[in-house]
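Colleague: With the sequence up front, the predicted model follows.
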Amino acid sequence: MAINQDTVLRVAHLARLQVTDQDCAELSTRLSDILAMVDELQQADVSDAAPMAHPLDVQQPQREDKITETDIRDLVMPLAPAAENGCYLVPRVIE
Amino acid sequence: MSLHDKTLKQLRDGLQQGEFSSRELTQHFLSRIASHDSALNAFITVTAEQALAQADAADKARAENSAGVLGGIPIAHKDIFCTQGVRTSCASKMLDNFISPYDATVVTRLKQAGVVTLGKTNMDEFAMGSSNETSFYGPVKNPWDTQRVPGGSSGGSAAAVAARLAPAATGTDTGGSIRQPAALCGITGLKPTYGIVSRWGMIAFASSLDQAGPMARTAEDCALLLQSMVGPDEKDSTCLNRKVDDYLSGLNKDIAGLTIGLPEEFFPKDLDGRIAESTQAAVRELEKQGAKVVSISLPSVKLSVPAYYVIAPAEASSNLSRFDGVRFGYRCKDPVDLMDLYKRSRSEGFGEEVKRRILVGTYALSHGYYDAYYLKAQKVRRLIRDDFARAFEKVDVIAGPTSPELAFNLGAKKDDPVTMYMADVFTIAVNLAGLPALSMPAGFIEGLPVGVQLIGNYFREDQLLNVAHRYQQATDWHQQSPVFGGDK
């Protein structure tokens, strides 16, 4: 399936990526190439196959509902590009 | 024999017998990295100071009879594993400034075994690539010919081990990222059964496929390293709660009577005849040791590349959504609003291939396409697994070429993603099925290494390592070392 430039822009917005007009044409070609390869999947007869998410079909293990993690705020806050008083800083979202 | 020509096992024995100290050994490898890595670019970060401190601690532990099983042996970690206090970049501008506050479980386990960490190896950005050319830190060069790629994504680990800059290294394999570079660099690399090695602290690419494994020169060394990497981990809910197998005691077992399956799909008409012949020659050697060979068919394997390029990008698009310029990693300058912060941080922080895969994945998961792509790919994944299950009713091990081609020239495929994706045509099905597989050196063509892939049934790493070890007892391909930078 070919993917046109409008679709590239729509998907890029969903993925929170900025795509310039210049990149858009190139991306449209590249993504169409990839999707053309992927479209070979459509020939497969999967009528009897259940979707497979984990190779060994294991169940999610359960554990006791108790707190096991300690407070790591002091460890992770310094990693933030912008933080103040224990809060992450972002551009104003409420006028 | 120089220290750097010794295997992990020989180094372990030498340390035990006091032939050399961990400090001497560690200093030796640090010196080799300092004098040779500029020609290869295999390392992103060298942790010389920490390595020497760890080496001294290992020597002290040895003197006190409390050394771990790999006590004092220096290794390298792929830069996808979080290492406390050390930059963990995943070869991305996005994480160029990221100093991990914790160790990955694999790193912790190997530390407990006593290893010394020489540094962090180069890789394709976020493990997305088959040539190591997508790294923010520049491509890795293949030590057998520095005009060529080492394969990817664990290209730095493969090149470092092949060039004797480290006796062994960790890698990760989502679609072939341990096996393909191992083949192209002439070393041995194992991708374990999905779920036997914890993924905690391993930066996620495609969570249902990612698996960490050992990369070393011999199967025996891979067994040594794997033994200290596996085991249940409550921090990774996909890590299996089962007892740890013994990978070392069965290495020498007789392989007479073992059945090897050769899938016709792994020997397509357009396969390089020289690679087919090297593979057949390796199989003949195993036959000489008493193995039986049968032809098999894995009809759905032809759909593994398309299924992979839906599932892996879909999972990647979700996993990489955490990089938002807010909590850690790269942040763009002077964002005008929150959307601008997200979009520019991500667009400036990620490289081209990573962005392409995020877009493919987002598209495959978007409204109206989920059933046609993602669900369909997950169903095809089951067909592929069922093919293998049928094959393993008849055979013990499946063999074929690891890679359809030799190490290619740097830049040869850079602008053509789909051609690049075909580099993993023989390795991807294994990840989709969750099976263990290894690549071992099986010859040279025009001075470049060829690898043979052995695929085993679930949890039969012991058998794969046994077969590879027996092969390596009868051949010396794995002992060849590249000449580069004026040094052997």
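Modeller: All right, it came through fine.
Colleague: What residues sit buried inside stretch B:391-410?
Modeller: Residues B:391-392, B:395-408, B:410 are the ones in stretch B:391-410 that count as buried (16 or more other CB atoms under 10 Å in any protein chain shown). In short, each C-beta sits where N, CA and C put it, glycine included.
Colleague: For the lengthiest helix in chain A, which helices and strands make contact with it?
Modeller: Looking across chain A with DSSP state H, the single longest helix is helix A:21-38. Applying 3 or more CB pairs under 8 Å, 6 or more residues apart in numbering or on different chains; DSSP states H and E, one finds that helix A:21-38 makes contact with helix A:5-14, helix B:304-319, helix B:352-365, helix B:417-421.
Colleague: let's go with 6 Å and repeat that
Modeller: helix A:5-14, helix B:304-319 (3 or more CB pairs under 6 Å, 6 or more residues apart in numbering or on different chains; DSSP states H and E).
Colleague: returning to that earlier point: can you list which of the buried residues of stretch B:391-410 are found in strands?
Modeller: Per DSSP state E, strands hold the following members of the buried residues of stretch B:391-410: B:Val397, B:Ile398, B:Ala399, B:Gly400, B:Pro401.
Colleague: Throw these into CSV and include pLDDT, thanks.
Modeller: Output for those, formatted as CSV (pLDDT from 0 to 100):
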residue, pLDDT
B:Val397, 98
B:Ile398, 98
B:Ala399, 98
B:Gly400, 98
B:Pro401, 98
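Colleague: In chain A, what residue comes closest to chain B?
Modeller: Taking CB to the nearest CB as the measure, chain A has A:Pro55 as its residue closest to chain B, at 2.2 Å.
Colleague: what's the most buried one of the helices and strands packed on helix A:21-38?
Modeller: helix B:304-319 (a mean of 25; mean count of other CB atoms under 10 Å in any protein chain shown).
Colleague: contacting residues around the most centrally placed residue in chain A?
Modeller: Nearest to the mean C-alpha position of chain A, by CA atoms, centre = their mean, lies A:Ala15 at 6.7 Å. Counting by CB atoms under 6 Å, 6 or more residues apart in numbering or on different chains, A:Ala15 touches B:Ile358, B:Leu359, B:Thr362.
Colleague: ok, what's across the strand from residue 87?
Modeller: Assuming you mean chain A. A:Glu84 (DSSP bridges).
Colleague: let's do chain B instead
Modeller: B:Arg87 has these beta-bridge partners by DSSP bridges: B:Ile99.
Colleague: Give me the contacts around the next helix-or-strand element following the longest helix of chain A.
Modeller: Note on helix A:21-38: by DSSP states H and E, the next helix or strand toward the C-terminus is helix A:73-76. Helix A:73-76 is contacted from outside by B:Pro101, using CB under 6 Å, 6+ apart.
Colleague: Kindly report the same for stretch B:351-364.
Modeller: By CB under 6 Å, 6+ apart, stretch B:351-364 touches A:11, A:14-15, A:17, A:34, B:125-126, B:128-129, B:134, B:310, B:313-314, B:316-317, B:320, B:373-374.
Colleague: Contact residues of chain B facing chain A?
Modeller: B:101, B:194, B:237, B:303, B:306, B:309-310, B:326-328, B:331, B:335, B:337-338, B:341-344, B:346-347, B:355, B:358-360, B:362-363, B:375-376, B:378-383, B:418, B:434 (CB under 6 Å from any CB of the partner chain).
Colleague: Just the buried subset of these, please.
Modeller: B:101, B:194, B:303, B:306, B:309-310, B:326, B:328, B:331, B:335, B:341-344, B:346-347, B:355, B:358-360, B:362-363, B:376, B:378-383, B:434.
Colleague: all strands of the stretch 101-250 of chain B, in order?
Modeller: Taking DSSP state E, counting those that start in this stretch as the criterion, the stretch 101-250 of chain B carries its strands at B:116-121, B:168-173, B:188-191, B:211-216.
Colleague: A:Asp21 is nearest to which of the ones you listed?
Modeller: Between A:Asp21 and the strands of the stretch 101-250 of chain B, the tightest spacing by CB to CB is seen for strand B:168-173, at 36.3 Å.
Colleague: In terms of secondary structure, what does that closest one contact?
Modeller: strand B:74-78, helix B:155-162, strand B:211-216.
Colleague: What separation do you get for B:Gly129 and chain A?
Modeller: Here the criterion is CB to the nearest CB, to the nearest Å. By it, B:Gly129 lies 14 Å from chain A.
Colleague: what residues are up against that residue?
Modeller: B:Gly152, B:Ser153, B:Glu353.
Colleague: buried sites along the longest helix of chain A?
Modeller: A:Asp23, A:Cys24, A:Leu27, A:Ser28, A:Arg30, A:Leu31, A:Ser32, A:Asp33, A:Ile34, A:Leu35, A:Met37, A:Val38.
Colleague: Settle this for me: the last one is touching B:Ala307, isn't it.
Modeller: No: contact between A:Val38 and B:Ala307 fails when scored by CB atoms under 6 Å: they sit 8.4 Å apart.
Colleague: that older thread, compile the strands of the stretch 101-250 of chain B into TSV and extend it with columns for mean neighbour count and mean pLDDT.
Modeller: Formatted as TSV, those follow (neighbours: other CB atoms under 10 Å in any protein chain shown; pLDDT from 0 to 100):
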stretch	mean neighbour count	mean pLDDT
strand B:116-121	29	98
strand B:168-173	30	98
strand B:188-191	32	98
strand B:211-216	30	98
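Colleague: could I get those strands as TSV with distance to B:Gln147?
Modeller: TSV is the format used below for these (distance: least, CB to CB, whole Å):
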stretch	distance to B:Gln147
strand B:116-121	20
strand B:168-173	23
strand B:188-191	23
strand B:211-216	23
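Colleague: Figure out which of these is closest to B:Pro232.
Modeller: For B:Pro232, the closest of these is strand B:211-216, at 14.6 Å, according to CB to CB.
Colleague: can you list the residues of chain A near chain B?
Modeller: So far as CB under 6 Å from any CB goes, chain A lies against chain B at A:11, A:14-18, A:33-34, A:37-38, A:40-41, A:44, A:46, A:49, A:51-52, A:55, A:60-61, A:75, A:79-81, A:88, A:90-91, A:93.
Colleague: how many other residues sit next to the residue of chain A closest to chain B?
Modeller: 23 (other CB atoms under 10 Å in any protein chain shown).
Colleague: confidence score at the residue lying closest to it once chain neighbours are set aside?
Modeller: Sequence neighbours aside, B:Gly434 is the residue nearest to A:Pro55 in space, at 2.2 Å (criterion: CB to CB, 6 or more residues apart in numbering or on different chains). Looking at B:Gly434, its pLDDT is 97.
Colleague: Report the separation between B:Gly434 and B:Ser208.
Modeller: 8 Å (CB to CB, to the nearest Å).
Colleague: low-confidence ranges in chain B?
Modeller: Screening chain B residue by residue with the criterion pLDDT under 70, one finds the ranges B:484-488.
Colleague: Contacts only, for B:Arg274.
Modeller: B:Arg274 neighbours (CB under 6 Å, 6+ apart): B:Ile445.
Colleague: in what helix or strand does it lie?
Modeller: Secondary-structure element containing B:Arg274, defined by DSSP H and E: helix B:273-288.
Colleague: follow-up on the earlier one: the residue of chain A closest to chain B and B:Ser208: what is the separation?
Modeller: Counting by CB to CB - A:Pro55 and B:Ser208 are separated by 7 Å.
Colleague: who touches stretch A:26-37?
Modeller: A:Met1, A:Ala2, A:Ile3, A:Gln5, A:Val8, B:Pro306, B:Val360, B:Val418.
Colleague: and which of those is nearest B:Pro167?
Modeller: Using CB to CB, B:Val418 comes nearest to B:Pro167 of the contacts of stretch A:26-37, at 36.7 Å.
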